[in-house]
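**Q** Predicted coordinates and the sequence they were generated for:
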Amino acid sequence: MKMTVDQEITLKMAKAAQLRVEPENVEKMMNSINDILDFCALVGDLDCEGVPDFMWKMKKLPSRRPDAPEDWPDRELFESAAPVYDGEFFKTPRIIAEG
Amino acid sequence: MARPIVIGLEVHLQLVTKTKLFCPCSTDYIGHKPNTNVCPICLAVPGTLPLLNDGAVALACRMGLGLHCEIQNYSTFGRKNYFYADLAKAYQITQYELPVATGGYLDIECDGQSKRVRIHHLHLEEDAGKLVHPTADGRLTGAAYSLVDYNRGGVPLTEVVSEPDMSSPAEAKEYVMKLRQLARYLDVSDGEMESGSLRVDANISLSKDDGSLGTKVEIKNMNSLKALERALEYEISRQNKTLDSGGRIVQETRLWDDAEGVTRSMRNKETASDYRYYPEMDLAPIIISDAEIEGYRDAMPELPWEKRERFAESFGLSGEEVSILTEQKDLAAYYEALVASGAPKARAANWVRMEVLRVLNELGQDIAAFRVRPAVLADLVTRVEKKELSSTIGKEILDVLAREDLTLEEAVKRSGAQVGRMTGDALGELIKRIISEQPDVVQTIKSGQDKKGGKLKFLQGLVMKEARGQADPQEAAGLLSKFLAG
């Protein structure tokens, strides 16, 4: 069954997600959410009869590993991927206020 | 009428695994350069997936069993979202709806009364990294940016959540001490509050006049047991004053300022919805079979209260002696080895309580680092028992052995004490020499002016000192009187 949200639910969702939405943007946000819900409805209409559960893959993977340390050899990978790394610390935007 | 105090504690214990909770990075990060114990998993590089550390599950189960909890066959992880960058994922992986262990209790003793504190649950979660704020005072206010060290990020924690069963700061302190002792006995955590491997958050409220629970305030940032007790005492006083003056208590998180001795408002208390918990889909549920739980149960070591009972029965020691000897597992093992090496039970208990602990305190050492092996101390104690050495010399020898790599024989020689007692001719020669070296004193005694016997006692003291405690005091006194009369 296709779901939709109205402006009231959109504002409730924004509050729960701690997002500030200006009044002029509420409709735009509502439409975006409804687009996503439309897509979910489309996916929901797919015939999955006989298609195996994706979880089977996870069940076959080991769910725990032994407690044995390993060094990561290629530091370059994450040092270069970090937005700002000064050779010791990763730098992040300032925290505006505690809490 | 005083308002009843209601305290519940959340205790985080850093688990002593070799690796982090979800990646194989080492947990040995203290003193290491920032961001050296990291990998793409704990740095949340896209495309990586966490994989649960089996050792952390085992330790959490062990702690759960020690707390009489029910280990769950099926538990899950969730994501706790928040806005700090101390975890690179921007969320913490923690157990929320289905923790690994539930129920349970810990019995404590406070002011001679025993009390059962119920455990709500115990769960696994990852520790956060460390944020550094480059301001003069290290606080974030005014910082233009923050620096992050992820070495600690992902280190396994178990959080033990109590029911609000404690009704005084002293009980809260006792509960944490008992929990720490249990964690150490079980080799689950080193429980060091100062280094942060044991962290306590306290929830405290004062009951209303009608007996219903008052508004709960959470206190953080208590880095010692003393700080925990002081922070709770302060908060009780603050809340009482607020209520007495007609004010109301705000549900909030407050930080303990140890230097100022006050709690300060940090933020309005988050509710679960603020964290927007949702299931961690990158991790399979933790499935623990009954057989695995039984395996953990079978591997449980002797618990502190079990050891206390056995020590009282097997060694015939007093409650206080048992309490001191079993406070630390390694100290209890040392005492047992001492007795097994032939030292008499009661005498061995005295030596450990009075002398070994004194020396350890002087050296700032743990018993694990103590140089004097139990067999050596047993030999020393036995010699003192047989009066081959005086107890004074025995203690001096222990001091030497604890500080230098010497055998017992070498330490005895170094102490100047002769092996065997100083009697007969040897003692006589010593007394004659002392008499010849103290003519004025001898004259005073012989002329009858030593009415109170002080001069004689002085000579006796010199004899015992020079004999390095190896002379029998009665024999020495007899010989001294004989030579003075002669």
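**A** Noted; the coordinates are in hand.
**Q** which secondary structure element contains the closest residue to chain A within the stretch 51-200 of chain B?
**A** With C-beta to the nearest C-beta, the shortest gap between the stretch 51-200 of chain B and chain A falls at B:G55, namely 2.9 Å. For the C-beta atoms, the positions are set from N, CA and C on the backbone; glycine is no exception. Using DSSP states H and E, B:G55 sits in helix B:54-66.
**Q** nearest residue to B:R353 other than its sequence neighbours?
**A** Counting by C-beta to C-beta, 6 or more residues apart in numbering or on different chains, B:R353 lies nearest to B:I324, which is 5.3 Å off, once chain neighbours are set aside.
**Q** Now do the phi/psi pair for that neighbour.
**A** Note on B:I324: its backbone torsions stand at phi -70, psi -40 [degrees, to the nearest 10].
**Q** From the structure, what's the count of residues near it?
**A** The criterion is other C-beta atoms under 10 Å in any protein chain shown. On that basis, B:I324 has 19 neighbouring residues.
**Q** for B:F315, same thing?
**A** 17.
**Q** Which helix or strand contains B:G214?
**A** Here B:G214 is assigned to no helix or strand, by DSSP H and E.
**Q** does it really touch B:K208, like I thought?
**A** Yes - with contacts counted by C-beta atoms under 8 Å, B:G214 reaches B:K208, the gap being 5.4 Å.
**Q** okay, the two: which has more neighbours?
**A** Per other C-beta under 10 Å, whichever of B:G214 and B:K208 has more neighbours is B:G214, with 19 against 13.
**Q** Which secondary structure state does residue 32 sit in?
**A** Defaulting to chain A. helix (DSSP: H, G, I helix; E, B strand; the rest coil).
**Q** I was after chain B.
**A** Of the three states, B:H32 takes coil according to three-state DSSP.
**Q** Identify the residues contacting the residue of chain A positioned farthest from its centre.
**A** Among residues of chain A, the one most distant from the C-alpha centroid is A:A68; the distance is 30.5 Å, by C-alpha atoms, centre = their mean. Residues in contact with A:A68 (C-beta atoms under 8 Å, 6 or more residues apart in numbering or on different chains) are B:18-19, B:24.
**Q** Return the per-residue confidence for it.
**A** Predicted confidence (pLDDT) for A:A68: 97.
**Q** Could you look up the SS state of it?
**A** Applying three-state DSSP: A:A68 is coil.
**Q** residues from chain A in reach of chain B?
**A** With C-beta under 8 Å from any C-beta of the partner chain as the criterion, chain A comes near chain B at residues A:16-18, A:58-59, A:61-72, A:77-78, A:81-82, A:85-86, A:88-95, A:98-99.
**Q** Go back to the contacts of A:A68 and keep what's next to chain A.
**A** Restricting the contacts of A:A68 to those near chain A - C-beta under 8 Å from any C-beta - leaves B:18-19, B:24.
**Q** which among these gets closest to B:V441?
**A** Among the ones next to chain A among the contacts of A:A68, B:K18 lies closest to B:V441 (C-beta to C-beta), at 68.7 Å.
**Q** Look up how far B:T36 lies from the closest one.
**A** Summarising the geometry, the distance separating B:K18 from B:T36, computed by C-beta to C-beta, to the nearest Å, is 16 Å.
**Q** one step back: can you give me the distance of the nearest residue to the residue of the stretch 51-200 of chain B closest to chain A once chain neighbours are set aside to B:F22?
**A** Closest residue to B:G55 in three dimensions, ignoring its sequence neighbours and counting by C-beta to C-beta, 6+ apart: A:D67, at 2.9 Å. Distance of A:D67 to B:F22, computed by C-beta to C-beta: 12 Å.
**Q** B:N350 too?
**A** Relative to B:F22, B:N350 is positioned 50 Å away (C-beta to C-beta).
**Q** Give me the more crowded residue out of those two.
**A** For B:N350 against B:F22, the residue with the higher neighbour count under other C-beta under 10 Å is B:F22, and the figures read 24 against 15.
**Q** What pLDDT is listed against that one?
**A** Per-residue confidence for B:F22 comes out at a pLDDT of 97.
**Q** Can you report how many residues lie near residue 41?
**A** Since you didn't name a chain, this refers to chain A. Taking other C-beta under 10 Å as the definition, A:A41 ends up with a neighbour count of 13.
**Q** Let me rephrase: I mean chain B.
**A** 21.
**Q** before we move on, what about B:S341?
**A** 17.
**Q** Check the one 5 residues further on too.
**A** B:A346 has 14 neighbouring residues, counting by other C-beta under 10 Å.
**Q** do the same with the one 3 residues further on
**A** The number of residues packed around B:A349, counting by other C-beta under 10 Å, is 23.
**Q** So which elements touch the strand or helix carrying it?
**A** Here B:A349 sits within helix B:345-350, counting by DSSP H and E. Counting contacts by 3 or more C-beta pairs under 8 Å, 6 or more residues apart in numbering or on different chains; DSSP states H and E, helix B:345-350 packs against helix B:304-315, helix B:329-340, helix B:374-385.
**Q** nearest to B:P156, of those?
**A** Relative to B:P156, the nearest member of the helices and strands packed on helix B:345-350 by C-beta to C-beta is helix B:329-340, separated by 21.5 Å.
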